[in-house]
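Asks: Sequence and predicted structure below; questions after.
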Amino acid sequence: MSKSIISTSQRPQKSLTKILKKHSGRDASGQVSVRHQGGRHKRFYRLIDFKRDKRDMSATVLGIEYDPNRNASIALVQYKDGEKRYILQPVDLKTGDTIMAAENAEIATGNSLPLVAIPVGIQIHNIELYPGQGGIIVRSAGSFASVVAKDGVYVHLKLSSGEIRKFHNKCWATIGRMGNIEFKEQEIGNAGRKRHMGIRPTVRGTAQHPDSHPHGGGEGRSGEGMNPKTPWGKSARGTRTRSKKKWSKSLIIKRRK
């Protein structure tokens, strides 16, 4: 999506923001539990309406805004009763458009419906895993899922990864593909911008001391010399870690890749 469409002059809606606490990858004991996190600019978290639970009432898009907490853009909408909410912005949703969440809503970009009411072949995003839970998957920039079949109480969706999975037909989803498709094409430019984003430097395992990483050590530049491992000795890069006994295995028709 073109940057000129995003409203940069106005500040985010104050009632829909809160200060996002910075943990810098530390757990409750203060130890680093997630590496390569820290620093970053102060942020305000935008409260996004993933549930779209204000049903049978139309809303008007007031503007498209940048969200520092996600790679997709967000849209500020106002309902007929005056309430304002943030939603994820799909492709082609513009200021002044009207959207609605209803079981019999029109199949139009930005409208939210249960899967049972969405025809085969339609692109959707912000999909619930369980009815009433709120959108959990297909929320990143440029992503979408497609309805490929309907079978009893289940709807078969093909995800961006190529996986085909069953969803209960009472789960809700939003019509359209996620916006900001050009996100992957942007260039970070310099290391400082990464630090502002809260991402600390990452050092290659082969460049480390052998006490710090299994790939470390050796004279001069040397390869890994073994099957790829994590810093803790676990197999890395390509090893499938999903449990074969996981209950949701029966919902996966075709695995990704």
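Replies: Cool, the structure landed.

Asks: Just say helix, strand or coil for the closest residue to I124 other than its chain neighbours.
Replies: Spatial nearest neighbour of I124, excluding adjacent residues (C-beta to C-beta, 6 or more residues apart in numbering): A173 at 4.2 Å. Bear in mind the C-beta positions are built from the backbone N, C-alpha and C, glycine included. What DSSP: H, G, I helix; E, B strand; the rest coil gives for A173 is strand.

Asks: Hmm, E128 and A173 touching each other?
Replies: Yes. If you go by C-beta atoms under 8 Å, A173 and E128 touch, sitting 7.0 Å apart.

Asks: if I look at those two, which residues touch both of them?
Replies: Shared contacts of A173 and E128, defined by C-beta atoms under 8 Å, 6 or more residues apart in numbering, comprise G135.

Asks: Which stretches in the stretch 151-257 of the chain count as helices?
Replies: Assigned by DSSP state H, counting those that start in this stretch, the helices in the stretch 151-257 of the chain fall at 191-196.

Asks: Poorly predicted segments of it, please.
Replies: The stretch 151-257 of the chain contains no residues with pLDDT under 70.

Asks: returning to what we had before: A145 versus the residue nearest to I124, what's the distance?
Replies: Counting by C-beta to C-beta, to the nearest Å, the gap from A173 to A145 is 8 Å.

Asks: Now for those two: what residues contact both?
Replies: Applying C-beta under 8 Å, 6+ apart, one finds that A173 and A145 are jointly contacted by 124-125, 127, 138.

Asks: between those residues, which is nearest A75?
Replies: Among these, H125 lies closest to A75 (C-beta to C-beta), at 12.8 Å.

Asks: Phi first, then psi, for the nearest residue to the closest one once chain neighbours are set aside.
Replies: Spatial nearest neighbour of H125, excluding adjacent residues (C-beta to C-beta, 6+ apart): V138 at 4.5 Å. Here is the backbone geometry of V138 (degrees, to the nearest 10): phi 60, psi 60.

Asks: residues in contact with V138?
Replies: Residues in contact with V138 (C-beta under 8 Å, 6+ apart) are 124-127, 144-145, 159-160, 173, 178.

Asks: can you tell me which of these are in strands?
Replies: Counting by DSSP state E, the part of the contacts of V138 found in strands is 124-125, 145, 173.

Asks: what ranges do the strands span in the chain?
Replies: Using DSSP E, the strands of the chain run over residues 17-19, 44-46, 59-65, 74-79, 84-88, 98-99, 112-114, 123-125, 145-151, 154-158, 164-168, 172-175, 252-254.

Asks: Present the ones you listed as TSV; the columns should include distance to S33 and mean neighbour count.
Replies: Listed next are the strands of the chain as TSV, based on distance: least, C-beta to C-beta, whole Å; neighbours: other C-beta atoms under 10 Å:
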stretch	distance to S33	mean neighbour count
strand 17-19	22	12
strand 44-46	21	17
strand 59-65	32	19
strand 74-79	29	21
strand 84-88	29	21
strand 98-99	40	19
strand 112-114	36	22
strand 123-125	31	23
strand 145-151	32	16
strand 154-158	33	21
strand 164-168	30	19
strand 172-175	33	25
strand 252-254	30	14
